[in-house]
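K.L.:
after the sequence you'll find the predicted model.
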Amino acid sequence: MFAQVRHQLCPDLAIDLGTHQTRVAVGGRGLILDEPSVVAVDSESRRILGGGAAVGRVAKQMIGRTPDGITAAYPIRGSVVHDFDLCEAMLGSFLRKTGRSKLGLKPRVLMTVPGAISPVERRAVTNAAERAGAGDVFLIEQSRAAAVGAGLPISEPIANWICQIGAGTTDIAVLSLGDIVVRRARRVAGEAFDEAIAAYLRREYSLKVGSRTAERIKHEIGSADPLDEELVVEVSGIDTAGAVPRKAVITSEDVREAIAPVLQIMTEELRATVESCDPELAADLADVGLVLSGGGAQLRRLPEYFERQLGVPVRLVDDPARVVIRGTALCVDHFRQWRPYFESAA
């Protein structure tokens, strides 16, 4: 009885703490917050600007445009806590925005983490959430949450292969009978695409661009395989020779050449996953294929690229950027059923 009343006053929360985006869902109600994982702070005092309000969308607008005394920072890098104090402040701001805690009760929280982070990194995530105002904190691997959110039949005796490509980490797993059989994670994902594009423009066009411009190029014309009609975009940057503003026209072929090494690393990780499987599971993968999820998986013709490289069917889930928070929210809604697969600091 007390548990039911407590749940009504302070429902459980699902949090997908991503490198570029943080999403929060309330048990039984779905997604209620979707904000950039950015904080704007005074460089000396490390205090958040605007009395603690410069978090999320407000802070992201400042990236690349701040004076020397102000920093717009990402507290999460590679899907793990990079700056503990800023992460705590950011989570605290997001939890307050949910407005779900009443009578001093702290919500039970389920948070996502990559599959291959260290115990110290896992503890940092838990501590940051607890200090931000969470009650009991549980962790779930991103690949498992993505598989649940994608509706894969992971409880059945058949292999389910998922590749979750976020901003900071590519998380790969093969699941069967409700658990992860093989897992691999590499800190090469969406950000690596952006960095590769920026490096290519500097090398081939003598043009220096910021991370946001590189990300925009990826979204507007990026592709993993040739397009029926190739795309172009005009970008502005700084000429590396003359140190003056300059524009250049970039093609989708340029972007493919830039990101090819990153795609090759992802392909090698996927092949290594198959090599780690038992022959029976590997045989299943040839039939059921690979499922792609995550914001980084929205690159044009990425399923076709992996199909060509791996020789198995590949499909992209619906709404790939939110599949992890969707799966985490489902696990919160059926907490008792999924509890054996959560990690707790207790």
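P.N.:
Received the coordinates, thanks. Residues are numbered from 1 along each chain as shown.

K.L.:
which stretches in the stretch 201-346 of the chain count as strands?
P.N.:
207-208, 232-239, 245-251, 290-293, 314-316, 343-344 (DSSP state E, counting those that start in this stretch).

K.L.:
could you point out where the chain is predicted with low confidence?
P.N.:
The chain contains residues with pLDDT under 70 at 1-9, 99-104, 345-346.

K.L.:
hey, which helix is longest across it?
P.N.:
helix 252-275 (DSSP state H).

K.L.:
give the buried residues for that helix.
P.N.:
Residues 252, 254-256, 258-259, 262-263, 266, 269-270, 273-274 are the ones in helix 252-275 that count as buried (16 or more other CB atoms under 10 Å). Where you see a C-beta, it was placed from the backbone N, CA and C, and this is true even at glycine.

K.L.:
can you give me the distance of the closest residue in space to Ala150 that isn't next to it in sequence to Leu17?
P.N.:
Closest residue to Ala150 apart from its sequence neighbours, by CB to CB, 6 or more residues apart in numbering: Val317 at 4.5 Å. Using CB to CB, to the nearest Å, Val317 is found at 20 Å from Leu17.

K.L.:
need the strands of the stretch 201-346 of the chain in TSV (columns: mean neighbour count).
P.N.:
TSV is the format used below for those (neighbours: other CB atoms under 10 Å):
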stretch	mean neighbour count
strand 207-208	18
strand 232-239	15
strand 245-251	14
strand 290-293	26
strand 314-316	17
strand 343-344	12
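
K.L.:
okay if I get those strands as CSV plus distance to Ala25?
P.N.:
As requested, the strands of the stretch 201-346 of the chain are exported to CSV (distance: least, CB to CB, whole Å):
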stretch, distance to Ala25
strand 207-208, 39
strand 232-239, 34
strand 245-251, 37
strand 290-293, 16
strand 314-316, 22
strand 343-344, 19
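
K.L.:
go through these and name the closest to Asp136.
P.N.:
Across the strands of the stretch 201-346 of the chain, the minimum distance to Asp136, taken as CB to CB, is reached by strand 343-344, at 7.2 Å.

K.L.:
neighbouring strands for the closest one, and are they parallel or not?
P.N.:
Using DSSP bridges, strand 343-344 pairs in its sheet with strand 137-141 (antiparallel).

K.L.:
contacts made by the partner strand with the rest, please.
P.N.:
Strand 137-141 has contacts (CB atoms under 8 Å, 6 or more residues apart in numbering) with 108-115, 122, 125-126, 129-130, 171, 173, 180, 183, 328, 331, 338-339, 341-345.

K.L.:
give the buried residues for it.
P.N.:
137-141.

K.L.:
closest one of those residues to Ala159?
P.N.:
Checking the buried residues of strand 137-141 against Ala159 by CB to CB gives Glu141 as the nearest, at 16.8 Å.

K.L.:
ok, what's across the strand from that closest one?
P.N.:
Per DSSP bridges, the residues bridged to Glu141 are Val113.

K.L.:
from here on, call the first residue 851.
P.N.:
Renumbered: residue one is now 851, and that last one reads Glu991.

K.L.:
how much space between it and Asp1104?
P.N.:
In this view, Glu991 and Asp1104 are 35 Å apart by CB to CB.

K.L.:
so what's Leu1113 up against?
P.N.:
If you count contacts by CB under 8 Å, 6+ apart, Leu1113 has them with 1074, 1155.

K.L.:
isn't Ala996 right next to Gly1177, touching?
P.N.:
Yes. Between Ala996 and Gly1177 there is a contact under CB atoms under 8 Å: 5.8 Å.

K.L.:
so which of those two has more stuff around it?
P.N.:
Set Ala996 next to Gly1177 and count neighbours by other CB atoms under 10 Å: Ala996 wins out with 32 against 28.

K.L.:
need the residues that contact whichever strand or helix holds that one.
P.N.:
Taking DSSP states H and E as the definition, one finds Ala996 inside helix 992-999. For helix 992-999, contacts defined as CB under 8 Å, 6+ apart pick out 866, 929, 962-965, 1004, 1010, 1012, 1014, 1016, 1019, 1021-1023, 1025, 1030, 1033, 1141, 1143-1144, 1167, 1172-1178, 1180-1181, 1188, 1191.

K.L.:
tell me the helix or strand right after that helix.
P.N.:
Downstream of helix 992-999, the first helix or strand assigned by DSSP H and E is strand 1010-1015.

K.L.:
that following strand vs helix 992-999, what angle?
P.N.:
Angle between the axes of strand 1010-1015 and helix 992-999 is 120 degrees (criterion: axes from the mean of the first three to the mean of the last three CA atoms, to 10 degrees).

K.L.:
what lies in contact with strand 1010-1015?
P.N.:
Contacts to strand 1010-1015, defined as CB under 8 Å, 6+ apart, come from residues 992-993, 996-997, 1000, 1002-1004, 1020-1026, 1039-1040, 1116, 1120, 1123, 1135, 1138-1147, 1156, 1173-1174.
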